[in-house]
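# here is my input, please return the structure:
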Amino acid sequence: MLSIVILAAGQGTRMRSAMPKVLHGVGGRPMLQRVIDTARSLEPAAIHIVHGYGGQDVRAAFPDGDLNWVEQEKQLGTADAVHAALPVIPDDHRVLVLCGDVPLIAAETLHRLLDRAGYNPALLTIEMADPTGYGRILRDPDGQVSGIVEDKDAQEDQKAIREINTGLMVLPAGPLRRWLADLSNDNAQGEYYLTDVMASARRDGSAIHAVTTDSASEVQGVNNRVQLAVVERAWQWRIAEGLMRGGVTLADPARLDVRGSVTTGTDCVIDVDVVLEGEVRLGTDVAIGSGCVIRDATLDDGVRVAPQTVIEGARLRAGAQVGPFARLRQETDLGPATRIGNFVETKALTLGRGSKANHLAYVGDARIGEGVNIGAGTITCNYDGRAKHTTVIEDGAFIGSDTQLIAPVTVGRNATIGAGTSLRRDAPADALTVGTGRQRTVPGWSRDPDASS
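Below you'll find the model as predicted:
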């Protein structure tokens, strides 16, 4: 059986933030969330999270019932953190130790580590050109792992070793209790190092297995915002590579940000500086222009989104065209072959097939039929200060420019509304409705209040 312990107690002082380090985001999700997701994919018997600084905030961010929270009252080192979780872990379990600030570790790599370990200790290592700051892997003349020495405690010849400890390891729970009890904090940092159990295991005659990865980004820890940016770019490249292999053309993979999940059909094209957030679904042959932000939206086959458009909580059906400089808000549902143009904002809108609002309009809380034209400057006046009201425009209607539709109001089928109309009552079908006042000139009027009339 497998128990997973995630170390998430560090304050992260080098982040220079009031927020606990593990809550800082990578790809739009907290680092710790990404580690938890990977841990769950291994289907362990239990996941134990050791927390310390900002523990209440960390726990509040993850209310899921399958997580066991363990408080490390004082940060006395990684061995002390694991020791805090051991009382609830059975002796016959294997303990997989993960780090809450190493968010890109892959489940496939952890499976390799677990398979290699059996019921023996095993650790994940990597070779680095510059291993400064990391614990070095010590091996005996036969090449077997004999221990780990931390950078601050290493001698000069040990500092030349390039194989380093990633902090991720598997340990048998029963022997681990005994090994932890034998540890000392007589070292440069005055802490109880979990890495020291390897020497204890070796003295007990246990074989220590090492599994090496060649992916530096996968085991990159985050201790400051520079490293956070490095991890973010690595994550974004991973997502971009997956999209391209799935049939998406990216104008520049380095200028796409995905902060959630994206599913796509083939032959989609995404221009530069696009941000995709939440859950985004793209059909086949979707084109997204530069500078767009799309959040929690579905874009069906053949949708075209012009540059600098913002879409949130909307559904765009086959062949719809939007933008540039448009904003689609929550509960917008654009029918097939519809058109929303520049500087048009929508909210809670249902737009029927072939209808269009090409420029300079606000259309909110409205149900609009098929083949409707919304003229420039049109506004649905949906809010009276206390409640929202609905505007209904039936099939084939023509709404002239600079029209105010004061809801609740209905425009009948094939009706025409004259430009400049303030529509306060329902407009009948197949008729012209106008609401403009008579034009007149006021003699003797002046902008200058001191001028004589």
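
# going by C-alpha atoms from here, please, whenever you check contacts or count neighbours.
Will do.

# tell me how this structure divides into domains.
For the chain, automatic domain parsing gives the domain ranges 2-219, 237-433.

# in a markdown table: these, plus distance to P443, mean pLDDT and mean neighbour count.
Formatted as a markdown table, the domains of the chain follow (distance: least, C-alpha to C-alpha, whole Å; pLDDT from 0 to 100; neighbours: other C-alpha atoms under 10 Å):
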| stretch | distance to P443 | mean pLDDT | mean neighbour count |
| --- | --- | --- | --- |
| domain 2-219 | 63 | 92 | 18 |
| domain 237-433 | 24 | 97 | 21 |
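
# tell me who's in contact with S184.
S184 sits next to Y192 when contact means C-alpha atoms under 8 Å, 6 or more residues apart in numbering.

# on the three-state scheme, it is what?
Assigned with DSSP: H, G, I helix; E, B strand; the rest coil, S184 falls in the coil class.

# how near is it to G77?
To G77, S184 is 11 Å away according to C-alpha to C-alpha, to the nearest Å.

# redo the domains of the chain as JSON lines? Include distance to V226.
As requested, those are arranged in JSON lines below (distance: least, C-alpha to C-alpha, whole Å):
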{"stretch": "domain 2-219", "distance to V226": "9"}
{"stretch": "domain 237-433", "distance to V226": "17"}
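
# for R225, which of these is the nearest?
domain 2-219 (5.8 Å; C-alpha to C-alpha).

# any common contacting residues for S184 and G77?
Going by C-alpha under 8 Å, 6+ apart, residues that sit against S184 and also against G77 are Y192.

# looking at the domains of the chain, which is closest to V230?
Distance to V230, taken as C-alpha to C-alpha, is lowest for domain 2-219 among the domains of the chain, at 8.2 Å.

# now the closest one, how far from the centre of its chain.
25 Å (C-alpha atoms, centre = their mean, to the nearest Å).

# contacting residues for R317?
So R317 contacts L299, D300, D301, V303, D333, L334, G335, P336, A337 (C-alpha under 8 Å, 6+ apart).

# doesn't E279 lie inside a strand?
Yes: applying three-state DSSP, one finds E279 inside a strand.

# and it, what are its bridge partners?
With DSSP bridges as the criterion, E279 is bridged to S261.

# ok, it - contacts?
Neighbouring residues of E279 by C-alpha under 8 Å, 6+ apart: G260, S261, V262, R295, D296, A297.

# distance of the first one relative to V280?
As judged by C-alpha to C-alpha, G260 and V280 stand 8 Å apart.

# strands along the stretch 151-300 of the chain, start to end?
Here the stretch 151-300 of the chain has its strands, by DSSP state E, counting those that start in this stretch, at 163-172, 209-212, 248-250, 256-263, 268-270, 274-282, 287-288, 293-299.

# what strands line up against the shortest one, and which way round?
This points to strand 287-288. Assessed with DSSP bridges, strand 287-288 is paired to strand 268-270 (parallel), strand 304-305 (parallel).

# between those, which one is closest to S41.
For the strands paired with strand 287-288, proximity to S41 was assessed by C-alpha to C-alpha; strand 268-270 is nearest, at 29.7 Å.

# thinking again about what came up before, strands - which of the contacts of R317 land there?
L299, D333, L334 (DSSP state E).

# TSV for the strands paired with strand 287-288, including distance to D157?
Formatted as TSV, those follow (distance: least, C-alpha to C-alpha, whole Å):
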stretch	distance to D157
strand 268-270	51
strand 304-305	59
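
# out of the ones you listed, the one nearest I393 is which?
Among these, the nearest to I393 by C-alpha to C-alpha is strand 304-305 (24.7 Å).

# which is the next helix or strand following the closest one?
Remark: after strand 304-305, the chain's next helix or strand is strand 310-312, criterion DSSP states H and E.

# touching that next one from outside, list them.
The set of residues external to strand 310-312 that reach it, using C-alpha under 8 Å, 6+ apart, is C292, V293, I294, R295, D296, A297, F325, A326, R327, L328, R329, Q330.
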